[in-house]
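Visitor: Sequence unavailable; structure follows:
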């Protein structure tokens with residue numbers, strides 16, 4: 001556009017072009033009908049929002065893919081370190097050397113757990129996690145969790161107990177591995193925040209909305225408890241509640257966030273009842 005002083009001023013217009021092909025009797029494209037439409041302010045805003053959403057989705061997918069790939073790459077040499085540490089522990093070592101190996105093994109297991117959590121988190125975020133559906137005994141699930149977490153409770157001098165109203169031969173259908181993962185996360189956090197007393201795991205049945213019984217798991221402890229504010233952040237990723245002295249607890253902050261997402265995929269729910 002020309003101004004009064006003879007200068008040329010350029011105006012930017014955002015347009016939408018739609019083209020419809022024209023075909024002849026043989027099905028070949030002979031031309032097209034094109035329609036050029038000037039976008040109004042509302043349409044321009046909608047287009048910008050759509051592009052922003054697409055850019056955000058692309059960036060999120062790239063980050064998730066990067067995390068998943070790197071986690072798998074780290075896991076391979078880490079398993080080799082754990083294997084060599086296990087072999088080293090079986091050799092003739094002095095007391096000091098044994099303590100060094102124990103620290104190496106403990107630290108490697110903590111790192112492996114973090115890597116596994118990152119893989120799970122990125123897989124769930126990308127919507128690629130598939131749950132398995134198998135039949136298993138409820139008592140087997142409870143006993144397995146108590147067996148895995150028993151040493152952690154014993155090391156702190158607290159009691160870990162399990163109760164159930166299921167018969168020994170009672171079976172349910174679900175993902176045994178993921179349910180075990182959820183329960184270990186819950187029991188592990190209960191043990192972490194309990195200095196004396198006990199942690200009790202109860203597995204029972206509750207009627208579902210469709211009339212079929214649903215598996216109900218509760219984990220209670222005699223630990224320090226938490227405030228309502230801390231409870232609201234409990235299942236958020238990369239967050240951690242504080243201990244009784246106000247210091248943040250160590251950890252990735254992913255275990256309970258993953259548990260909540262897994263339970264959601266199972267059409268279940270998780271909630272907290274606690275007080276300081």
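Guide: It's in. In this text the structure is predicted, and so the values were computed from the model without any measurement.
Visitor: Show me the shaky parts of the stretch 1-150 of the chain.
Guide: 1-12, 68 (pLDDT under 70).
Visitor: all strands for it, in order.
Guide: 15-23, 29-38, 134-137 (DSSP state E, counting those that start in this stretch).
Visitor: ok, and what's touching the last one?
Guide: Contacts with strand 134-137, where a contact means CB atoms under 8 Å, 6 or more residues apart in numbering, come from 168, 169, 170, 171, 172, 173, 174, 175, 176. Where you see a C-beta, it was placed from the backbone N, CA and C, and this is true even at glycine.
Visitor: How about the first one?
Guide: Outside of strand 15-23, the residues that reach it under the criterion CB under 8 Å, 6+ apart are 29, 30, 31, 32, 33, 34, 35, 36, 37, 38, 39, 43.
Visitor: Tally up the residues packed near the second one, please.
Guide: Burial measure for residue 30: 10 neighbouring residues, criterion other CB atoms under 10 Å.
Visitor: Could you export the contacts of strand 134-137 to TSV, including columns for secondary structure?
Guide: Below are those laid out as TSV (DSSP: H, G, I helix; E, B strand; the rest coil):
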residue	secondary structure
168	coil
169	coil
170	coil
171	strand
172	strand
173	strand
174	strand
175	coil
176	helix
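Visitor: of those, buried ones?
Guide: Taking 16 or more other CB atoms under 10 Å as the criterion, what is buried in the contacts of strand 134-137 is 172, 174, 175, 176.
Visitor: Out of those, the closest to residue 66 would be?
Guide: Using CB to CB, residue 175 is the member of these that lies nearest residue 66, at 26.9 Å.
Visitor: From the contact counts, what lies against the strand or helix carrying residue 218?
Guide: In the assignment (DSSP states H and E), residue 218 maps to strand 213-221. Counting by 3 or more CB pairs under 8 Å, 6 or more residues apart in numbering; DSSP states H and E, the packing neighbours recorded for strand 213-221 are helix 176-192, strand 198-207.
Visitor: Follow the chain on from it and name the next helix or strand.
Guide: helix 228-233.
Visitor: can you give me the angle the helix or strand that that next one is followed by makes with strand 213-221?
Guide: Going down the chain from helix 228-233, the next helix or strand is helix 255-265, by DSSP H and E. If you take axes from the mean of the first three to the mean of the last three CA atoms, to 10 degrees, helix 255-265 sits at 170 degrees to strand 213-221.
Visitor: what comes into contact with helix 255-265?
Guide: With CB under 8 Å, 6+ apart, helix 255-265 has contacts from 117, 120-121, 124, 129, 131, 178, 181-182, 185-186, 188-189, 234-238, 269-270.
Visitor: if we can go back for a sec, from the contacts of strand 134-137, which is closest to residue 105?
Guide: residue 176 (26.8 Å).
Visitor: hang on, isn't the closest one packed against residue 141?
Guide: Yes: counting by CB atoms under 8 Å, residue 176 touches residue 141, with 6.4 Å between them.
Visitor: if we can go back for a sec, pick the one among the contacts of strand 134-137 closest to residue 86.
Guide: residue 176 (26.1 Å).
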